[in-house]
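Engineer: With the input below, show me the fold.
(2 chains)
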Protein chains: 2
Amino acid sequence: MFTRAGAPCARRLCCLRAHGAGRNCVTYAASFEFSLPSEGIVFGVGAAAQTGPRTAGIGAKHVMLMTDKVVRGTGIVDGIEKSLRDAGLAVSVWDDVVTEPTLPAVAAAVEYCKSGEYDTLVAVGGGSTLDSAKATSTIVANGGSFMDYVDPTRAATLKRGPRLVLLATTSGTGADMTRGAGAIDPATGIKHWLIARFRSNVTICDPELTRGAPAHVTAVAGTDALTQAVESYTNRRHNPMADLLNLEAVRICGRYLRRAVANGEDMEARSAMMYAASVLVGLGFGNAGLHIVHPVSQVVGDRYRIPHGLSLGLLLPYLLEFSLNGCVEKLVDVAEALGVPTEGLSDRDVAQRGIDAIRQLLVDVGTHRPLREFGATAEVLDSLADDYAKRPPDLANAPRPIRSAAELREIFRLAL
Amino acid sequence: MFTRAGAPCARRLCCLRAHGAGRNCVTYAASFEFSLPSEGIVFGVGAAAQTGPRTAGIGAKHVMLMTDKVVRGTGIVDGIEKSLRDAGLAVSVWDDVVTEPTLPAVAAAVEYCKSGEYDTLVAVGGGSTLDSAKATSTIVANGGSFMDYVDPTRAATLKRGPRLVLLATTSGTGADMTRGAGAIDPATGIKHWLIARFRSNVTICDPELTRGAPAHVTAVAGTDALTQAVESYTNRRHNPMADLLNLEAVRICGRYLRRAVANGEDMEARSAMMYAASVLVGLGFGNAGLHIVHPVSQVVGDRYRIPHGLSLGLLLPYLLEFSLNGCVEKLVDVAEALGVPTEGLSDRDVAQRGIDAIRQLLVDVGTHRPLREFGATAEVLDSLADDYAKRPPDLANAPRPIRSAAELREIFRLAL
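Structural biologist: From the prediction side, this is the model:
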């Protein structure tokens, strides 16, 4: 899987699977930081049954159990509520989380949490629910509202809020392993991000909780996980730990995402995808960051109200092709992790085949489709490109930064 | 490196590099836990210069800077002390840490810390110093003495003591990334272990701090790192994260330990070894545990006063050969990580060649030598084997538990 026939793999892959004679030296000479945005991960089929004892074990007494009505309707929450009550905890269920949460929805959760003086939030759901819980804890402890916390420099001085116990019901966002929390301003349709200071007290990853997710939810979530892993791996930061974890996640997504989407009862595939998304990718991109795929996709997703993971899948192959010349060696690693046959090919061609393999995977699970299917028109995309070019995000880590609206227009035209 | 010609590597290595058709399923169905025994790692050549700002950043005011006289004599500590003072912190240097710390030495550190009401311990040194700091923080906050904390069930209820900022000056123990702390009872010569509850506030890994370490110190420390990685990887626990990190550490030790010992100025090798020892192995074995190599080696090391890493090197190949039938597949992975040519060989033969490669590496760096060089005799070893069999440690995770004094006697005879 790692070896290209005839290539000196033992030297090229030596530590970080980064290529080139001097690369490891540079990588090791470079600095990196690493932290785990949870005080501990508990992983395994059936782990959700430990929610009660684990939550009691961190000193909780009075729990606000946050979820949405769809997840609650599956019955998953009942078992977790019982586990909490059996452990002697007082529990109130708040199931008003909305998909792609809005600022007012987060404010409502904050009011509920304050009114009940809950010391602990147990969140059960997808990224929307987990993000809502992280935001609620921060705002309850520090006052104000969501938009007071979008300035990341504020994070260092924030007080700790109610404890956080997070259980993901999808394998994709890594929201149970990162500090960010997104919410949409309904007035503008723009998604803003709050940066929480504190790690979750316990992150419980139970693949059984994802069993009921419909195929399209599994596909969109898995596309998010794959995108985060590839986007983080191909950025310009040298972080050997994040590289190791992100590349392992790419390999697992390549092997298991199709199976998880094809048959949601395939618990080996479900477990693999949860391990990749919640553990590996959450830690990988949480420590090493992303580059152009997320900000560009969000512009399109916000405009056409396309779910986050799907907006990534629509654009990922085009944005990687745009980036290719800036990260050929990293894309070779990605291709090899995806099992692409590489014999007799140049690095450049292997990199392109890696992108092709990603495109095929996304097509197979239904998350790579033309933008026009979502109502996109060339004119609106052109105007989005112009707007984006006026307020480009920080792309210092991009292998190839987008430097003009013209470049982005060209990408959008390919994707249309 | 990973591929054996003719072997179906793409299937065998799929996610966890664990072999066998059903293995991944079992692995994923199994449960695991993972935590980072530090609130954050800062890695890189020159990172020690950040000690002052990082320590101030966690709220420290009054620092006890713990080290030993040898490390202090190198001048390393001066720069760190200056960094702390430049950040506005009050600093007292306590350089009475002893190698292979004793219970009275830890008690002296505790008295000094209490008398000065220090809020933060900054420890600069090898495993002895880092362990002393961890033990001091626990005892200062919770009273009593070292032996009150060797019962691991006590850890959950302990109060947090002075903050911990840890800087390793050797690449081996992983003591900057684990919660345990060892100290020797001078009356018996036996090393006891305290289990701390809390993670370090900051772990700073600066490979530059290891540059001055003599070759034999580098060899012994590196042998400790390699042993922990192999011993943890070959145990019976299924922990995919720990497996990933431990196997990466094996690969790096195989590639860089000789270089770091041969030329301590080779900063690429120094950096690689610090990454392997402090980050990968600390997290790997810290989460997945060990099996028979550590407890057996400690019996011999305690008796003949052999430094920890060296006692491991003396015995590791014999204990792996004893264990082989219980972990053939894992040893195949180890062999491949070490670059052993495997073409046309059975798994059993590849596993044996992996052990041979480890033996050669240890011989090359001078840590695999006959026990008799340290004054060992067959009679004393036999009596140690008898004593050990009377109080065997918990070997539930051993691939092949030692079941009798006769088995251990046989191993000791080979090692003599």
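Engineer: contacting residues for residue A:307?
Structural biologist: With contact set as CB atoms under 8 Å, 6 or more residues apart in numbering or on different chains, residue A:307 has these partners: A:99, A:100, A:220, A:301. To be clear about C-beta, it is placed using only N, CA and C from the backbone, and glycine gets the same treatment.
Engineer: Repeat the analysis, applying 7 Å as the threshold.
Structural biologist: For residue A:307, the contacting residues are residue A:220, by CB atoms under 7 Å, 6 or more residues apart in numbering or on different chains.
Engineer: ok, now residue A:318?
Structural biologist: A:411, A:414, A:415.
Engineer: Walk me through the domains of chain A.
Structural biologist: Residue ranges for the structural domains of chain A, counted by automatic domain parsing, are given in the record as A:41-210, A:219-415.
Engineer: out of those domains, which comes closest to residue B:86?
Structural biologist: Each of the domains of chain A was checked against residue B:86 via CB to CB, and the shortest separation belongs to domain A:41-210, namely 20.0 Å.
Engineer: anything in that closest one near chain B?
Structural biologist: Yes: shown here: domain A:41-210 in contact with chain B (CB under 7 Å from any CB of the partner chain) through A:41, A:42, A:43, A:44, A:45, A:47.
Engineer: Between those, identify the one with the most neighbours.
Structural biologist: When neighbours are counted by other CB atoms under 10 Å in any protein chain shown, residue A:41 leads those with 26 neighbours.
Engineer: My guess is it contacts residue A:279. True?
Structural biologist: Yes: checked against CB atoms under 7 Å, the pair residue A:41 and residue A:279 is within contact range at 6.2 Å.
Engineer: quick revisit: would you format the domains of chain A as CSV with mean pLDDT included?
Structural biologist: Converted to CSV, the domains of chain A look like this (pLDDT from 0 to 100):
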stretch, mean pLDDT
domain A:41-210, 93
domain A:219-415, 95
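Engineer: With distance to residue B:119 added, can I get those domains in a markdown table?
Structural biologist: Formatted as a markdown table, the entries for the domains of chain A read as follows, by distance: least, CB to CB, whole Å:
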| stretch | distance to residue B:119 |
| --- | --- |
| domain A:41-210 | 19 |
| domain A:219-415 | 28 |
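Engineer: out of those, which comes closest to residue B:65?
Structural biologist: Smallest distance to residue B:65 across the domains of chain A (CB to CB): 24.5 Å, for domain A:41-210.
Engineer: how long is the closest one end to end?
Structural biologist: Here the two ends of domain A:41-210 are set 17 Å apart, with distance taken as CA to CA, to the nearest Å.
Engineer: Distance from the chain centre to that domain, please.
Structural biologist: Counting by CA atoms, centre = their mean, to the nearest Å, domain A:41-210 is centred 16 Å from the centre of its parent chain.
Engineer: which helices and strands sit right next to the helix or strand where residue A:302 lies?
Structural biologist: Under DSSP states H and E, the secondary-structure element containing residue A:302 is helix A:293-304. Helices and strands touching helix A:293-304, as assessed by 3 or more CB pairs under 7 Å, 6 or more residues apart in numbering or on different chains; DSSP states H and E, comprise strand A:190-195, helix A:215-233, helix A:308-323, helix A:378-390.
Engineer: Figure out which of these is closest to residue B:145.
Structural biologist: Scanning the helices and strands packed on helix A:293-304 with CB to CB as the criterion, the closest one proves to be strand A:190-195, at 43.0 Å.
Engineer: Direction included, what does whatever helix or strand comes next after that closest one pair up with?
Structural biologist: Using DSSP H and E, the helix or strand that follows strand A:190-195 towards the C-terminus is strand A:202-205. Paired neighbours of strand A:202-205 in the sheet (DSSP bridges): strand A:41-43 (parallel), strand A:163-168 (parallel).
Engineer: right, and these - which one's nearest residue A:62?
Structural biologist: Residue A:62 sits nearest to strand A:163-168 of all these, at 10.5 Å, using CB to CB.
Engineer: Residues contacting that closest one, please?
Structural biologist: With contact meaning CB under 7 Å, 6+ apart, strand A:163-168 is reached by A:48, A:51, A:54-55, A:58, A:60, A:80, A:119-124, A:126, A:130, A:133-134, A:137, A:175-176, A:200-206, A:209, A:278.
Engineer: let's see it at 8 Å
Structural biologist: So strand A:163-168 is in contact with A:38, A:48, A:51, A:54-55, A:58-60, A:80, A:119-127, A:130, A:133-134, A:137, A:175-176, A:198, A:200-206, A:209-210, A:274, A:277-278, going by CB under 8 Å, 6+ apart.
Engineer: now the angle from it to helix A:215-233?
Structural biologist: For strand A:163-168 and helix A:215-233, the angle between their directions (axes from the mean of the first three to the mean of the last three CA atoms, to 10 degrees) works out to 110 degrees.
Engineer: Could you export the strands paired with strand A:202-205 to TSV, including columns for distance to residue B:347?
Structural biologist: Written out in TSV, the entries for those read as follows (distance: least, CB to CB, whole Å):
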stretch	distance to residue B:347
strand A:41-43	28
strand A:163-168	37
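Engineer: quick one: residue A:85 and residue A:117, what's the gap?
Structural biologist: For residue A:85, the distance to residue A:117 under the criterion CB to CB, to the nearest Å works out to 18 Å.
Engineer: Hmm, I typed the wrong one, I wanted residue A:69.
Structural biologist: For residue A:69, the distance to residue A:117 under the criterion CB to CB works out to 24 Å.
Engineer: And for residue A:354?
Structural biologist: Using CB to CB, one obtains 52 Å as the distance from residue A:354 to residue A:117.
Engineer: Same question for residue A:182, what's its three-state structure.
Structural biologist: Here residue A:182 is recorded as strand under DSSP: H, G, I helix; E, B strand; the rest coil.
Engineer: what pairs with it across the strands?
Structural biologist: On DSSP bridges, the residues paired with residue A:182 through beta bridges are residue A:193.
Engineer: which residues touch stretch A:42-52?
Structural biologist: Taking contacts as CB under 8 Å, 6+ apart, the residues outside stretch A:42-52 that touch it are A:54, A:76, A:79-80, A:82-87, A:89, A:122, A:165, A:167, A:202-209, A:267, A:271, A:274-275, A:278-279, B:29-34.
Engineer: Identify the residue nearest residue A:177 in space, chain neighbours excluded?
Structural biologist: Of all residues not flanking residue A:177 in the chain, residue A:282 sits nearest, at 2.5 Å (CB to CB, 6 or more residues apart in numbering or on different chains).
Engineer: Contact partners for that neighbour?
Structural biologist: Residue A:282 makes contacts with A:37, A:174, A:175, A:176, A:177, A:178, as judged by CB under 8 Å, 6+ apart.
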